[in-house]
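1. sequence plus the predicted model coming up.
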Amino acid sequence: MKFESFDFAPEILRAVSECGYQEMTPVQQQAIPSIRRGQDVLASAQTGTGKTAAFALPILQRLVDNPAPVQPSNTRVLILTPTRELAAQVASNIKDFAKYLDLGVLTIVGGGKQDVQARRLKAGAHIIVATPGRLLEHLTACNLSLSGVETLVLDEADRILDMGFSADVQQILQAVNKARQSLLFSATFSDGVKKLAKVMLDKPQIVSVNKQNSTADTVSHTVYPVEQKRKRELLSELVGTKNWQQVLVFASTRDSCDELVAELNLDGIKAAVVHGEKAQGSRRRALREFMEGKVRVLVSTEVAARGLDIPNLEYVVNYDLPFLAEDYVHRIGRTGRAGKSGMAISFVSREEERTLLEIEALIGQKIRRIMVPGYEVSSRDELIKQLQERRRFGKKPQRADNAAAQVMAEAKLQSQRARLRKTARKAK
(Lines give C-alpha, C1' and ligand atoms only; values in the text may rest on other atoms or scores of the structure.)
Protein backbone atom coordinates (compact mmCIF):
# COMPACT_ATOMS: atom_id res chain seq x y z
CA MET A 1 0.00 0.00 0.00
CA LYS A 2 1.27 3.47 -0.91
CA PHE A 3 1.30 6.50 1.41
CA GLU A 4 -0.77 8.35 -1.19
CA SER A 5 -3.67 6.06 -0.26
CA PHE A 6 -4.32 8.06 2.92
CA ASP A 7 -4.55 11.47 1.32
CA PHE A 8 -1.65 13.11 3.14
CA ALA A 9 -0.78 16.71 2.35
CA PRO A 10 1.54 17.14 -0.67
CA GLU A 11 4.25 18.57 1.60
CA ILE A 12 4.19 15.43 3.76
CA LEU A 13 4.19 13.07 0.79
CA ARG A 14 7.12 14.94 -0.74
CA ALA A 15 9.15 14.63 2.45
CA VAL A 16 8.24 10.95 2.87
CA SER A 17 9.38 10.25 -0.68
CA GLU A 18 12.68 12.03 -0.09
CA CYS A 19 13.19 9.86 3.01
CA GLY A 20 13.06 6.82 0.71
CA TYR A 21 9.70 5.54 1.95
CA GLN A 22 7.58 3.86 -0.70
CA GLU A 23 5.46 0.97 0.52
CA MET A 24 3.81 1.06 3.94
CA THR A 25 4.82 -1.45 6.57
CA PRO A 26 2.10 -3.56 8.29
CA VAL A 27 2.05 -1.43 11.45
CA GLN A 28 1.68 1.72 9.36
CA GLN A 29 -1.17 0.23 7.34
CA GLN A 30 -3.04 -0.79 10.50
CA ALA A 31 -2.33 2.17 12.78
CA ILE A 32 -2.58 5.19 10.48
CA PRO A 33 -6.32 4.89 9.65
CA SER A 34 -7.27 4.67 13.35
CA ILE A 35 -5.04 7.59 14.30
CA ARG A 36 -6.45 9.67 11.44
CA ARG A 37 -9.96 8.98 12.81
CA GLY A 38 -8.90 10.28 16.22
CA GLN A 39 -9.02 6.93 18.02
CA ASP A 40 -6.73 5.92 20.84
CA VAL A 41 -4.34 3.18 19.73
CA LEU A 42 -2.45 0.41 21.52
CA ALA A 43 0.13 -0.90 19.06
CA SER A 44 2.67 -3.68 19.38
CA ALA A 45 5.32 -4.23 16.73
CA GLN A 46 8.94 -5.30 16.86
CA THR A 47 11.62 -2.68 16.38
CA GLY A 48 12.51 -1.64 12.85
CA THR A 49 8.94 -1.91 11.54
CA GLY A 50 8.29 1.80 11.04
CA LYS A 51 6.47 2.68 14.28
CA THR A 52 7.66 6.29 14.24
CA ALA A 53 6.14 7.02 10.84
CA ALA A 54 2.98 5.16 11.91
CA PHE A 55 2.21 7.79 14.55
CA ALA A 56 4.15 10.80 13.25
CA LEU A 57 2.56 11.10 9.80
CA PRO A 58 -1.10 11.21 10.93
CA ILE A 59 -0.13 13.59 13.75
CA LEU A 60 1.51 15.95 11.25
CA GLN A 61 -1.56 15.73 9.01
CA ARG A 62 -3.80 16.72 11.94
CA LEU A 63 -1.62 19.77 12.61
CA VAL A 64 -1.90 20.70 8.93
CA ASP A 65 -5.68 20.23 8.92
CA ASN A 66 -6.11 22.27 12.11
CA PRO A 67 -3.55 25.08 12.09
CA ALA A 68 -3.20 27.06 15.30
CA PRO A 69 -0.52 29.30 16.78
CA VAL A 70 1.79 27.80 19.36
CA GLN A 71 0.91 28.92 22.87
CA PRO A 72 3.78 30.02 25.17
CA SER A 73 5.01 27.28 27.51
CA ASN A 74 2.74 24.76 25.84
CA THR A 75 2.62 22.15 23.08
CA ARG A 76 0.03 20.44 20.93
CA VAL A 77 1.81 17.07 20.74
CA LEU A 78 3.82 15.34 23.47
CA ILE A 79 5.90 12.23 22.71
CA LEU A 80 7.58 10.37 25.59
CA THR A 81 10.50 7.98 25.01
CA PRO A 82 12.65 5.99 27.48
CA THR A 83 16.11 7.21 26.42
CA ARG A 84 17.89 10.28 25.08
CA GLU A 85 19.00 8.36 22.00
CA LEU A 86 15.48 7.33 21.08
CA ALA A 87 14.17 10.85 21.71
CA ALA A 88 16.81 12.29 19.37
CA GLN A 89 16.02 9.65 16.74
CA VAL A 90 12.25 10.24 16.90
CA ALA A 91 12.68 14.03 16.76
CA SER A 92 15.03 13.71 13.80
CA ASN A 93 12.56 11.52 11.92
CA ILE A 94 9.68 13.91 12.60
CA LYS A 95 11.74 16.87 11.42
CA ASP A 96 12.46 14.98 8.20
CA PHE A 97 8.74 14.27 7.69
CA ALA A 98 7.87 17.92 8.50
CA LYS A 99 10.61 19.34 6.28
CA TYR A 100 8.18 21.36 4.18
CA LEU A 101 5.85 22.33 7.03
CA ASP A 102 6.15 25.34 9.31
CA LEU A 103 6.15 23.34 12.53
CA GLY A 104 8.48 23.45 15.53
CA VAL A 105 9.88 20.25 17.07
CA LEU A 106 11.62 20.50 20.47
CA THR A 107 13.64 17.76 22.22
CA ILE A 108 13.74 17.78 26.03
CA VAL A 109 16.08 15.20 27.56
CA GLY A 110 18.55 14.82 30.40
CA GLY A 111 22.10 15.87 29.61
CA GLY A 112 21.03 19.16 28.05
CA LYS A 113 21.28 22.46 29.91
CA GLN A 114 18.05 22.89 31.83
CA ASP A 115 18.03 26.70 31.67
CA VAL A 116 18.43 26.64 27.89
CA GLN A 117 15.59 24.12 27.62
CA ALA A 118 13.45 26.30 29.90
CA ARG A 119 13.86 29.30 27.59
CA ARG A 120 12.88 27.22 24.58
CA LEU A 121 9.88 25.77 26.38
CA LYS A 122 8.59 29.23 27.22
CA ALA A 123 8.39 29.94 23.49
CA GLY A 124 6.30 26.80 23.01
CA ALA A 125 6.47 24.17 20.24
CA HIS A 126 4.04 22.24 18.09
CA ILE A 127 5.70 18.96 19.05
CA ILE A 128 7.81 18.08 22.09
CA VAL A 129 9.78 14.82 22.25
CA ALA A 130 10.98 14.14 25.79
CA THR A 131 12.19 11.64 28.35
CA PRO A 132 9.85 11.38 31.37
CA GLY A 133 12.33 12.39 34.07
CA ARG A 134 13.50 15.62 32.47
CA LEU A 135 9.99 16.60 31.37
CA LEU A 136 8.74 16.17 34.94
CA GLU A 137 11.54 18.44 36.19
CA HIS A 138 10.32 21.20 33.87
CA LEU A 139 6.72 20.62 34.93
CA THR A 140 7.70 20.91 38.57
CA ALA A 141 9.60 24.13 37.80
CA CYS A 142 6.51 25.51 36.00
CA ASN A 143 8.47 25.87 32.76
CA LEU A 144 5.78 24.01 30.86
CA SER A 145 2.03 23.46 30.84
CA LEU A 146 0.45 20.39 29.25
CA SER A 147 -3.07 21.82 29.16
CA GLY A 148 -2.96 22.25 25.39
CA VAL A 149 -1.78 18.74 24.49
CA GLU A 150 -4.01 17.28 21.77
CA THR A 151 -2.05 14.07 21.19
CA LEU A 152 0.02 12.11 23.72
CA VAL A 153 2.36 9.35 22.50
CA LEU A 154 4.28 6.84 24.59
CA ASP A 155 6.93 5.21 22.40
CA GLU A 156 8.61 2.00 23.59
CA ALA A 157 6.22 2.02 26.55
CA ASP A 158 7.44 -1.30 27.94
CA ARG A 159 10.98 0.03 28.15
CA ILE A 160 9.76 3.23 29.83
CA LEU A 161 8.25 1.03 32.56
CA ASP A 162 11.28 -1.28 32.73
CA MET A 163 13.53 1.72 33.39
CA GLY A 164 11.48 2.76 36.41
CA PHE A 165 9.58 5.73 34.93
CA SER A 166 6.13 4.46 35.90
CA ALA A 167 5.63 7.04 38.68
CA ASP A 168 6.87 9.85 36.42
CA VAL A 169 4.46 8.82 33.67
CA GLN A 170 1.56 8.75 36.14
CA GLN A 171 2.34 12.32 37.23
CA ILE A 172 2.59 13.45 33.62
CA LEU A 173 -0.78 11.84 32.83
CA GLN A 174 -2.32 13.87 35.64
CA ALA A 175 -0.98 17.08 34.08
CA VAL A 176 -1.92 16.39 30.46
CA ASN A 177 -5.12 17.71 28.92
CA LYS A 178 -7.80 15.06 29.47
CA ALA A 179 -9.51 15.77 26.14
CA ARG A 180 -6.69 14.27 24.09
CA GLN A 181 -5.89 11.40 21.79
CA SER A 182 -3.50 8.86 23.33
CA LEU A 183 -1.22 6.49 21.42
CA LEU A 184 0.77 3.77 23.14
CA PHE A 185 3.44 1.99 21.08
CA SER A 186 5.43 -0.90 22.51
CA ALA A 187 7.61 -3.78 21.40
CA THR A 188 5.60 -6.11 23.65
CA PHE A 189 2.26 -6.20 25.44
CA SER A 190 3.72 -6.85 28.89
CA ASP A 191 1.50 -6.90 31.97
CA GLY A 192 2.78 -3.44 32.88
CA VAL A 193 1.89 -2.07 29.46
CA LYS A 194 -1.61 -3.54 29.69
CA LYS A 195 -2.16 -1.91 33.09
CA LEU A 196 -0.91 1.43 31.77
CA ALA A 197 -3.17 1.13 28.73
CA LYS A 198 -6.24 0.77 30.96
CA VAL A 199 -5.39 4.07 32.68
CA MET A 200 -4.20 5.98 29.63
CA LEU A 201 -6.38 4.84 26.73
CA ASP A 202 -10.09 5.13 25.99
CA LYS A 203 -11.54 2.26 23.95
CA PRO A 204 -8.29 1.81 22.00
CA GLN A 205 -7.86 0.23 18.62
CA ILE A 206 -5.49 -2.74 19.10
CA VAL A 207 -2.73 -3.10 16.52
CA SER A 208 -0.43 -6.12 16.70
CA VAL A 209 1.72 -7.13 13.75
CA ASN A 210 3.87 -9.76 15.45
CA LYS A 211 3.52 -12.25 18.24
CA GLN A 212 4.74 -11.12 21.64
CA ASN A 213 8.52 -11.39 22.12
CA SER A 214 9.08 -12.56 18.54
CA THR A 215 12.24 -11.75 16.63
CA ALA A 216 12.52 -10.71 13.01
CA ASP A 217 12.75 -13.53 10.47
CA THR A 218 15.66 -11.65 8.88
CA VAL A 219 17.88 -12.23 11.95
CA SER A 220 19.98 -15.40 12.31
CA HIS A 221 20.98 -16.45 15.83
CA THR A 222 24.31 -17.97 16.87
CA VAL A 223 25.85 -18.91 20.21
CA TYR A 224 29.57 -19.21 20.92
CA PRO A 225 30.24 -21.12 24.17
CA VAL A 226 33.30 -19.56 25.83
CA GLU A 227 34.83 -19.03 29.26
CA GLN A 228 33.95 -15.60 30.68
CA LYS A 229 37.62 -14.60 30.97
CA ARG A 230 38.26 -15.38 27.28
CA LYS A 231 35.33 -13.51 25.75
CA ARG A 232 37.44 -10.48 24.84
CA GLU A 233 39.98 -12.63 22.99
CA LEU A 234 37.22 -14.38 21.07
CA LEU A 235 35.59 -11.10 20.09
CA SER A 236 38.87 -9.72 18.74
CA GLU A 237 39.52 -12.93 16.83
CA LEU A 238 36.07 -13.07 15.23
CA VAL A 239 36.03 -9.39 14.28
CA GLY A 240 39.50 -9.73 12.80
CA THR A 241 39.39 -13.10 11.05
CA LYS A 242 35.81 -12.75 9.76
CA ASN A 243 36.35 -9.08 8.83
CA TRP A 244 33.24 -7.79 10.60
CA GLN A 245 33.05 -4.09 9.83
CA GLN A 246 30.18 -2.69 11.90
CA VAL A 247 29.51 -4.47 15.19
CA LEU A 248 27.25 -3.36 18.05
CA VAL A 249 28.32 -5.08 21.28
CA PHE A 250 26.29 -5.24 24.51
CA ALA A 251 28.09 -5.70 27.83
CA SER A 252 26.51 -5.90 31.28
CA THR A 253 28.21 -3.02 33.12
CA ARG A 254 29.75 0.36 32.40
CA ASP A 255 33.14 -0.74 33.70
CA SER A 256 33.20 -3.83 31.49
CA CYS A 257 32.27 -1.63 28.50
CA ASP A 258 35.17 0.72 29.19
CA GLU A 259 37.62 -2.15 29.71
CA LEU A 260 36.49 -3.93 26.56
CA VAL A 261 36.87 -0.80 24.43
CA ALA A 262 40.37 -0.20 25.80
CA GLU A 263 41.40 -3.79 25.00
CA LEU A 264 39.90 -3.74 21.49
CA ASN A 265 41.75 -0.53 20.68
CA LEU A 266 44.99 -2.13 21.92
CA ASP A 267 44.26 -5.03 19.54
CA GLY A 268 44.08 -2.55 16.67
CA ILE A 269 40.27 -2.66 16.39
CA LYS A 270 38.83 0.86 16.48
CA ALA A 271 36.11 0.89 19.15
CA ALA A 272 33.96 3.42 21.02
CA VAL A 273 31.62 3.25 24.00
CA VAL A 274 28.10 4.45 24.86
CA HIS A 275 26.71 4.23 28.39
CA GLY A 276 24.98 6.32 31.03
CA GLU A 277 28.12 7.83 32.58
CA LYS A 278 29.27 9.29 29.27
CA ALA A 279 28.35 12.90 28.51
CA GLN A 280 25.64 13.43 25.92
CA GLY A 281 28.13 14.96 23.48
CA SER A 282 30.44 11.97 23.83
CA ARG A 283 27.60 9.54 23.21
CA ARG A 284 26.44 11.39 20.12
CA ARG A 285 29.98 11.54 18.75
CA ALA A 286 30.47 7.80 19.31
CA LEU A 287 27.20 6.97 17.52
CA ARG A 288 28.01 9.31 14.64
CA GLU A 289 31.50 7.87 14.13
CA PHE A 290 30.10 4.34 14.30
CA MET A 291 27.45 5.05 11.66
CA GLU A 292 30.02 6.82 9.48
CA GLY A 293 32.32 3.80 9.63
CA LYS A 294 35.11 5.59 11.51
CA VAL A 295 34.59 3.21 14.42
CA ARG A 296 34.36 -0.52 13.79
CA VAL A 297 32.89 -1.64 17.12
CA LEU A 298 30.43 0.22 19.35
CA VAL A 299 30.18 -1.15 22.90
CA SER A 300 27.17 -0.30 25.02
CA THR A 301 25.13 -1.15 28.07
CA GLU A 302 21.36 -1.63 27.85
CA VAL A 303 20.93 2.11 27.20
CA ALA A 304 21.31 1.54 23.46
CA ALA A 305 19.03 -1.48 23.26
CA ARG A 306 16.06 0.62 22.16
CA GLY A 307 15.57 3.28 19.57
CA LEU A 308 18.89 3.32 17.76
CA ASP A 309 18.36 3.32 14.02
CA ILE A 310 21.67 2.24 12.50
CA PRO A 311 21.21 1.65 8.77
CA ASN A 312 22.50 -1.68 7.47
CA LEU A 313 23.80 -2.86 10.85
CA GLU A 314 24.64 -6.51 10.30
CA TYR A 315 26.13 -7.70 13.59
CA VAL A 316 24.85 -7.47 17.17
CA VAL A 317 26.98 -9.25 19.76
CA ASN A 318 25.76 -10.11 23.25
CA TYR A 319 29.14 -10.06 24.99
CA ASP A 320 27.17 -10.70 28.18
CA LEU A 321 23.65 -12.06 28.07
CA PRO A 322 21.05 -9.69 29.55
CA PHE A 323 19.67 -10.38 33.03
CA LEU A 324 16.14 -10.55 31.59
CA ALA A 325 15.50 -12.81 28.62
CA GLU A 326 13.05 -10.25 27.21
CA ASP A 327 15.89 -7.76 26.72
CA TYR A 328 17.52 -10.15 24.25
CA VAL A 329 14.70 -9.38 21.80
CA HIS A 330 15.22 -5.63 22.16
CA ARG A 331 18.98 -5.81 21.81
CA ILE A 332 19.00 -7.82 18.63
CA GLY A 333 16.25 -5.61 17.22
CA ARG A 334 19.04 -3.23 16.16
CA THR A 335 19.83 -5.58 13.26
CA GLY A 336 17.68 -7.23 10.59
CA ARG A 337 15.63 -4.06 10.19
CA ALA A 338 13.51 -3.01 7.22
CA GLY A 339 13.74 -6.45 5.64
CA LYS A 340 17.55 -6.61 5.65
CA SER A 341 19.44 -9.59 7.05
CA GLY A 342 21.33 -9.46 10.33
CA MET A 343 23.24 -11.67 12.74
CA ALA A 344 22.63 -11.96 16.51
CA ILE A 345 25.72 -13.45 18.14
CA SER A 346 25.91 -14.39 21.82
CA PHE A 347 28.96 -15.32 23.89
CA VAL A 348 27.74 -17.72 26.58
CA SER A 349 29.77 -18.82 29.58
CA ARG A 350 28.83 -21.71 31.85
CA GLU A 351 27.04 -19.46 34.35
CA GLU A 352 24.87 -18.00 31.56
CA GLU A 353 23.51 -21.33 30.29
CA ARG A 354 20.28 -21.00 32.27
CA THR A 355 19.63 -17.54 30.84
CA LEU A 356 20.25 -18.94 27.37
CA LEU A 357 17.59 -21.60 27.96
CA GLU A 358 15.15 -18.86 29.01
CA ILE A 359 15.94 -16.90 25.84
CA GLU A 360 15.40 -19.96 23.63
CA ALA A 361 12.07 -20.64 25.33
CA LEU A 362 11.05 -17.01 24.90
CA ILE A 363 11.79 -16.79 21.18
CA GLY A 364 10.62 -20.33 20.49
CA GLN A 365 13.73 -21.71 18.85
CA LYS A 366 16.94 -23.54 19.62
CA ILE A 367 19.94 -21.36 18.84
CA ARG A 368 22.78 -22.87 16.83
CA ARG A 369 26.06 -23.32 18.74
CA ILE A 370 29.51 -22.90 17.20
CA MET A 371 32.60 -24.17 19.00
CA VAL A 372 35.77 -22.26 18.14
CA PRO A 373 38.95 -24.38 18.43
CA GLY A 374 41.04 -23.16 21.34
CA TYR A 375 38.06 -21.63 23.16
CA GLU A 376 36.35 -24.81 24.33
CA VAL A 377 34.47 -24.64 27.62
CA SER A 378 35.63 -27.26 30.15
CA SER A 379 33.07 -29.64 31.60
CA ARG A 380 31.25 -28.01 34.49
CA ASP A 381 29.97 -31.28 35.97
CA GLU A 382 33.38 -32.95 35.83
CA LEU A 383 35.12 -30.08 37.61
CA ILE A 384 32.51 -30.02 40.38
CA LYS A 385 32.87 -33.80 40.76
CA GLN A 386 36.65 -33.48 41.16
CA LEU A 387 36.26 -30.84 43.86
CA GLN A 388 33.70 -32.94 45.75
CA GLU A 389 35.98 -36.00 45.60
CA ARG A 390 38.91 -34.10 47.11
CA ARG A 391 36.73 -32.74 49.90
CA ARG A 392 35.40 -36.24 50.63
CA PHE A 393 38.92 -37.58 51.24
CA GLY A 394 40.00 -34.56 53.21
CA LYS A 395 42.49 -33.32 50.65
CA LYS A 396 43.33 -29.66 50.64
CA PRO A 397 42.61 -28.07 47.25
CA GLN A 398 45.76 -27.37 45.25
CA ARG A 399 46.39 -25.11 42.24
CA ALA A 400 45.01 -27.84 39.98
CA ASP A 401 41.64 -27.36 41.66
CA ASN A 402 41.44 -23.64 40.88
CA ALA A 403 39.21 -24.25 37.88
CA ALA A 404 36.83 -26.36 39.95
CA ALA A 405 36.74 -23.74 42.66
CA GLN A 406 35.95 -21.17 39.98
CA VAL A 407 33.04 -23.31 38.82
CA MET A 408 31.62 -23.35 42.34
CA ALA A 409 31.97 -19.60 42.50
CA GLU A 410 30.24 -19.32 39.15
CA ALA A 411 27.40 -21.50 40.44
CA LYS A 412 26.97 -19.08 43.34
CA LEU A 413 27.01 -16.17 40.88
CA GLN A 414 24.34 -17.89 38.79
CA SER A 415 22.14 -18.17 41.88
CA GLN A 416 22.62 -14.46 42.53
CA ARG A 417 21.74 -13.67 38.91
CA ALA A 418 18.57 -15.72 39.21
CA ARG A 419 17.53 -13.74 42.29
CA LEU A 420 18.24 -10.47 40.43
CA ARG A 421 16.13 -11.59 37.48
CA LYS A 422 13.29 -12.53 39.84
CA THR A 423 13.50 -9.15 41.56
CA ALA A 424 13.57 -7.34 38.21
CA ARG A 425 10.47 -9.18 37.02
CA LYS A 426 8.60 -8.29 40.21
CA ALA A 427 9.57 -4.65 39.69
CA LYS A 428 8.00 -4.74 36.23
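-> The structure has been received and is ready for your questions.

2. so which bits of stretch 261-280 are buried?
-> The neighbour-count check on stretch 261-280 (16 or more other Cβ atoms under 10 Å) flags 261, 264, 269, 271, 272, 273, 274, 275, 278 as buried. Quick note: C-beta positions are derived from backbone N, CA and C, even for glycine.

3. typo on my end, it should be stretch 24-35
-> So for stretch 24-35, counting by 16+ other Cβ under 10 Å, buried means 24, 25, 26, 27, 28, 29, 30, 31, 32, 34, 35.

4. show me where the stretch 1-150 of the chain has strands.
-> 41-44, 75-80, 105-108, 125-130 (DSSP state E, counting those that start in this stretch).

5. can you give me phi and psi for residue 328?
-> phi -60, psi -40 (degrees, to the nearest 10).

6. my read: it touches residue 362, true?
-> Yes. Assessed by Cβ atoms under 8 Å, residue 328 is found in contact with residue 362 at 7.2 Å.

7. out of those two, which sits in the busier spot?
-> The residue with more neighbours, out of residue 328 and residue 362, is residue 328; 27 against 17, by other Cβ atoms under 10 Å.

8. ok, for that one, nearest residue in space, not its chain neighbours?
-> residue 359 (4.8 Å; Cβ to Cβ, 6 or more residues apart in numbering).

9. and the one you found, how far from residue 240?
-> Look at residue 359 and residue 240: by Cβ to Cβ, to the nearest Å, they are 27 Å apart.

10. more neighbours: which of these two?
-> More neighbours surround residue 359 than the other of residue 359 and residue 240, with 28 against 13 (other Cβ under 10 Å).

11. so what's the more buried one up against?
-> 321, 325, 328, 367 (Cβ atoms under 8 Å, 6 or more residues apart in numbering).

12. next, it: phi, psi?
-> Dihedral pair for residue 359: phi -70, psi -40, per degrees, to the nearest 10.

13. and residue 42, bridged to which residues?
-> Residue 42 forms beta bridges with residue 184, residue 206, as assigned by DSSP bridges.

14. does it touch residue 201 like I think?
-> Yes. Between residue 42 and residue 201 there is a contact under Cβ under 8 Å: 5.9 Å.

15. more neighbours: which of the two?
-> Taking other Cβ under 10 Å, residue 42 and residue 201 do not tie; residue 42 has more neighbours (25 against 20).

16. if we can go back for a sec, make CSV out of the buried residues of stretch 24-35 and add pLDDT.
-> As requested, the buried residues of stretch 24-35 are exported to CSV (pLDDT from 0 to 100):
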residue, pLDDT
24, 89
25, 87
26, 88
27, 89
28, 92
29, 92
30, 93
31, 94
32, 95
34, 95
35, 96
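
17. could you chop this protein up by domain?
-> 3-208, 219-369, 380-427 (automatic domain parsing).

18. run through this protein and note the low-pLDDT ranges.
-> Counting by pLDDT under 70, the chain contains low-confidence residues at 46-48, 210-217, 303-309, 336-340, 378-428.

19. columns distance to residue 98 on top of the strands of the stretch 1-150 of the chain, output as JSON lines?
-> Formatted as JSON lines, these follow (distance: least, Cβ to Cβ, whole Å):
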{"stretch": "strand 41-44", "distance to residue 98": "20"}
{"stretch": "strand 75-80", "distance to residue 98": "11"}
{"stretch": "strand 105-108", "distance to residue 98": "7"}
{"stretch": "strand 125-130", "distance to residue 98": "8"}
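
20. of those, which is nearest residue 188?
-> Closest to residue 188 of the strands of the stretch 1-150 of the chain is strand 41-44 (Cβ to Cβ; 6.3 Å).

21. who touches that closest one?
-> Outside strand 41-44, the residues within contact range by Cβ under 8 Å, 6+ apart are 27, 30-31, 34-35, 51, 54-55, 183-189, 197, 201, 204-210, 212.

22. are any of the residues you listed buried, and which?
-> For these, buried by 16+ other Cβ under 10 Å: 27, 30-31, 34-35, 51, 54-55, 183-189, 197, 201, 204-205, 207, 209-210.

23. in helices, which of these fall?
-> Of the buried ones among the contacts of strand 41-44, the ones assigned to helices by DSSP state H are 27, 30, 31, 34, 35, 51, 54, 55, 197.

24. closest to residue 253 among those?
-> For those, the nearest to residue 253 is residue 51 (29.6 Å; Cβ to Cβ).

25. ok, and the closest non-adjacent residue to the closest one?
-> residue 185 (5.0 Å).

26. tell me the contacts of the one you found?
-> Going by Cβ under 8 Å, 6+ apart, residue 185 touches 41, 43, 44, 45, 51, 54, 55, 153, 154, 155, 156, 157.

27. cool, and residue 176?
-> When contacts are counted by Cβ under 8 Å, 6+ apart, residue 176 touches 78, 146, 149, 152.

28. only the buried subset of those, as a PyMOL command please.
-> Buried members of the contacts of residue 176, defined by 16+ other Cβ under 10 Å, are picked up in PyMOL with:
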select buried, resi 78+146+149+152
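
29. identify the farthest-apart pair in the contacts of residue 176.
-> Longest distance between any two of these is 8.5 Å, between 146 and 152; criterion Cβ to Cβ.

30. about what we covered before: mind putting the contacts of residue 176 in a markdown table, distance to residue 163 included?
-> Converted to a markdown table, the contacts of residue 176 look like this (distance: Cβ to Cβ, whole Å):
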| residue | distance to residue 163 |
| --- | --- |
| 78 | 18 |
| 146 | 21 |
| 149 | 22 |
| 152 | 19 |
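
31. which one of the contacts of residue 176 is nearest residue 310?
-> When the contacts of residue 176 are compared against residue 310 (criterion: Cβ to Cβ), the nearest one is residue 78, at 26.5 Å.

32. and that closest one, what is it in contact with?
-> Applying Cβ under 8 Å, 6+ apart to residue 78 gives the contacts 127, 128, 130, 135, 146, 149, 151, 152, 153, 176.

33. the same query, at a cut-off of 6 Å, please.
-> Shown in contact with residue 78 (Cβ atoms under 6 Å, 6 or more residues apart in numbering): 128, 149, 152.

34. and the contacts of residue 359, which two are furthest apart?
-> 325 and 367 (12.1 Å).

35. these two: which has the busier surroundings?
-> The neighbour comparison of residue 325 against residue 367 (other Cβ under 10 Å) goes to residue 325, with 20 against 16.

36. go ahead and confirm that one touches residue 360.
-> No. Counting by Cβ atoms under 6 Å, residue 325 stays clear of residue 360, with 8.8 Å between them.

37. count of residues packed around residue 14?
-> By the criterion of other Cβ under 10 Å, residue 14 has 13 neighbours.
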